[in-house]
Structures are given as structure tokens and as C-alpha cells.
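In: Only the shape, not the letters, is given here:
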């Protein structure tokens, strides 16, 4: 809403024209206002209206520094309202503390946004989005007009200095991803690290997370789990990554794209074991939410053909603790070392008996020392 007293706007000096007043001023003879000459005008949370003789007015983005000119004085100021709407009802967002606000957003159901999240997005100077087009669906749905800028893996590092500088000037910056909590397989880590290292405040605005939602409905142990994000897209690298986690005892959580879901499940069944229990969670919080729980071999067969809709969360039960006969695996190790390189023999025996590689490697070194 425009300020009733107005804010000086740019106008040609010398041959001055009658001052232009905001629409909200109803007086027939508005009071005279002293012209204000500025070196810099820092605009925060609003739009500065620039009036130039013979040209239509132009607006600057919130937070932009306006350089003074001998040809201009600042006269008018338009304030952006800190509002959001729920079911058509407007709400005024409270004043936001300066700093970087990391805001979780819905992973599929817009009703999962928190009230605090709406207040933050409405009151911030700017919202940095992974994809402004995707985030527009959320912000427009709730009538939030805060300026949006893109921040993704390709431009994040280039923007860090600019954002940190804004925060030093008491800026109020919101960071969101396309869905869920930022930084979890999403951009944001380099920025948050830089802001923390600069000694500036970072605020958590918790909310939806596909990781926690999948854990909550999978029926697998949650007392200990590891989130491993997306596996490498290429087959060899993917299998190597899975081998590293084969013997872990805690629940493993992965994200996977729909076009690679079948291949990944097949690789898991081969490396983790066909009978290892797995869970595939699809379209969580949406109307057609689906959760499949079965041995990995069955899941691999089920998703071998066709492509699912949207990203999937894959959960795998931890490996069962097994006690191998020391005499048996050490004999197998000695036999494998006869015609194989030491490392290849260690990998073979560790995989075969479900042993930690360090244990087998130490035994191999002891056998080699005895030769």
C-alpha cells in the first residue's frame, strides 16, 4: 500500500513540474515537500518508483541500490504488502528477523505448508528458489508476491557473495527447494556454509521432507538410518556405491529417478541379496500415494518395465549380523590368494562371507607375512 506522505521520487531539476502524489492522497492542495538529494537509497521490501520527464515510471527491485544523479531526486515509494492468503482470506505476516531462512515446502500436497513458512515467504525481501516456475505454483496459490530468484547447482556459488552482502545489510532472505527441505539432495549447502562462516544468522523453518515421510510409513527400523541420496546414474559406479553399503546394519534410504528405478532395484537385489527387505514409496502425500514393501528381488521384477511418475524413495533393511566360521573363511582366503591379487582375493572373501573388508585384509596381510 502506498505511504500517505509519499517518498520523494526522481524528477528533472531546474524546470520542475508539480509534484506527483500517490493515489491515496486525496487533498486538493497537497502540502509542499522538501526535495531530498541522496547519494544512495537502499530499498528494502518495496518498489521504488522512478519518474523521468517524458518517460513512463519504472520500478526497481527490492533491495537494489539506487545511485543518485544530478537529474533526479527520489519522490515516491510503493510498499509491497507482507500478505498471504488462505482460502481467500488475507493475513498480514509479522516482521521477519534479518538473516537466511531455510524453509521446507510441500512435497506434493500444498496443504502441508506450515503457517510459519507462509509468514516467512510473505515477509522476506526475496525468495531464492531451485526453479522459480515450480515455486510459483506454491507462492501464487497463497497470493505471496515476494520477488523470486533462481538458485540452483549451476549458479549457487556465483550468488553466494551477493546474498552474504545482502545479509550484512540486514536483509531477510528465504531459501526453498522445489519440494521438501532444502539441502537434502537439493541446492543450498554451499550457501548455508558461507553464511555460517560469515557469522550471520541462519534460521530453520521445518516442515515436509520425503526422507522422513518415507521412513514413517515404511515399517523398517528408524532408530538408526543413513540417507544416501541419489546413486550414480551409470551402472558401474552405481554398483560400486552399493557394494560400499552392503554390510551396513542400519536402514538405508535412497532417492531415485523414475527412469532408473527398475535398474537400481535390480542392482540392489544382486548386491544386497534377493531376500533383503526393501520399500519403494511413490507420490507421498499426493492423492495416489503408494508404498510397496517386499524382498528386493520382487520389487525389481515389479518395476522392471514401465516408468513410474515422480521421484521414488527406496528404503532397504539393514544387513543381518552373521557369524562366519573363522577357519572356513581364512581357508577360502588362502586359496583365493594363490591365483589372485591380494585386493581381489579380499573383496571376494568379504562378499562371500559377509565380512568387513578390513578384517579380511588384515588376515590377508598376516598370511602374506608368513610366506
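Out: Received it, and whenever you're ready, just let me know what you need. Keep in mind that this is a model prediction, so the values were computed, not measured. Residues are numbered from 1 along each chain as shown.

In: can you list the domains in this protein?
Out: Domains of the chain are assigned by automatic domain parsing as 1-80, 83-208, 211-235+251-316, 326-370.

In: show me where pLDDT drops low in the stretch 251-371 of the chain?
Out: 322-323 (pLDDT under 70).

In: centroid residue for the chain?
Out: residue 182 (2.3 Å; Cα atoms, centre = their mean).

In: Pull the contacting residues for it.
Out: Applying Cβ atoms under 8 Å, 6 or more residues apart in numbering, one finds that residue 182 lies in contact with 102-104, 130, 175-176, 188. Any C-beta I mention is one placed from the backbone N, CA and C, and that applies to glycine too.

In: if we can go back for a sec, now distance to residue 241 too, for the domains of the chain, in a markdown table please.
Out: Below are the domains of the chain laid out as a markdown table (distance: least, Cβ to Cβ, whole Å):
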| stretch | distance to residue 241 |
| --- | --- |
| domain 1-80 | 42 |
| domain 83-208 | 14 |
| domain 211-235+251-316 | 6 |
| domain 326-370 | 15 |
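
In: burial count for the closest residue to residue 112 other than its chain neighbours?
Out: Nearest residue to residue 112, sequence neighbours excluded (Cβ to Cβ, 6 or more residues apart in numbering): residue 106, at 4.3 Å. Other residues lying near residue 106 total 20 when counted by other Cβ atoms under 10 Å.

In: okay but residue 106 is in contact with residue 285, surely?
Out: Yes: at 7.0 Å, residue 106 counts as touching residue 285 under the criterion of Cβ atoms under 8 Å.

In: Pull up the overlap in contacts between those two.
Out: 112, 208.

In: Now do the strand or helix carrying residue 226: distance to the chain's middle.
Out: Element membership for residue 226, per DSSP states H and E: strand 225-230. Here the centre of strand 225-230 is set off from its chain's centre by 15 Å, with Cα atoms, centre = their mean, to the nearest Å.

In: What pairs with that strand, parallel or antiparallel?
Out: Within its sheet, strand 225-230 is paired with strand 251-256 (parallel), according to DSSP bridges.

In: helices or strands next to the helix or strand following the partner strand in the packing?
Out: Sequence-wise, the next helix or strand downstream of strand 251-256 (DSSP H and E) is helix 261-272. When contacts are defined as 3 or more Cβ pairs under 8 Å, 6 or more residues apart in numbering; DSSP states H and E, helix 261-272 sits against helix 235-244, strand 277-282, helix 296-302, strand 312-316.

In: Could you check the pLDDT of the residue nearest to residue 112?
Out: Note on residue 106: pLDDT of 97.

In: who's in contact with it?
Out: 112-113, 138, 179, 207-208, 285.

In: tell me the two of these that are most distant?
Out: 138 and 285 (13.5 Å; Cβ to Cβ).

In: out of the two, which sits in the busier spot?
Out: residue 138 (21 against 16).

In: So what sits opposite the closest residue to that one other than its chain neighbours in the bridge?
Out: Nearest non-adjacent residue to residue 138, counting by Cβ to Cβ, 6+ apart: residue 105, 5.9 Å away. Taking DSSP bridges as the rule, residue 105 bridges to residue 180.
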